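>>> Structure of the sequence below:
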Amino acid sequence: MTWTEIILYAIFITAICAFALLGVMKTDATGNKLHMTDKEVSHVMKNLERRSAADCVLTRVEGGFICKELGSNKVFRVKM
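Here you go, the predicted model:
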């Protein structure tokens, strides 16, 4: 291989890595956000604190939210 080929391969591999990283960062920044109003946040937090829920994954469903605890897999439903 000549130096020209090595340089071209290095540039090509760097460009592919850069595009892959940009795609991952864009997906992480926009893909997993749950858009909630201030009223929804306060209602959900009040209900989860009252039930002593630990850290959980919150998912919007029809009629409210579902909170699945990370450690124990308990499920809490919060109706809106």
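
>>> Number of residues surrounding residue 60?
Neighbourhood size, residue 60 [other CB atoms under 10 Å]: 13. Quick note: C-beta positions are derived from backbone N, CA and C, even for glycine.

>>> Next, the contact list for the nearest residue to it once chain neighbours are set aside, please.
Leaving aside its sequence neighbours, residue 60 sits nearest to residue 34 (CB to CB, 6 or more residues apart in numbering; 6.2 Å). By CB atoms under 8 Å, 6 or more residues apart in numbering, residue 34 lies in contact with 58-60.

>>> Any figure for the gap between residue 34 and residue 41?
10 Å (CB to CB, to the nearest Å).

>>> Likewise for residue 54?
18 Å.

>>> ranges for the helices of this structure?
For the chain, the helices defined by DSSP state H cover 3-30, 38-50.

>>> Which pLDDT value belongs to the residue lying closest to residue 65 once chain neighbours are set aside?
Spatially, and ignoring its direct neighbours in sequence, residue 65 is nearest to residue 78 (4.7 Å; CB to CB, 6+ apart). With respect to pLDDT, residue 78 scores 92.

>>> which residues sit in contact with residue 78?
43-44, 47-48, 64-67.

>>> Buried ones among the residues you listed?
43-44, 47-48, 65, 67 (16 or more other CB atoms under 10 Å).
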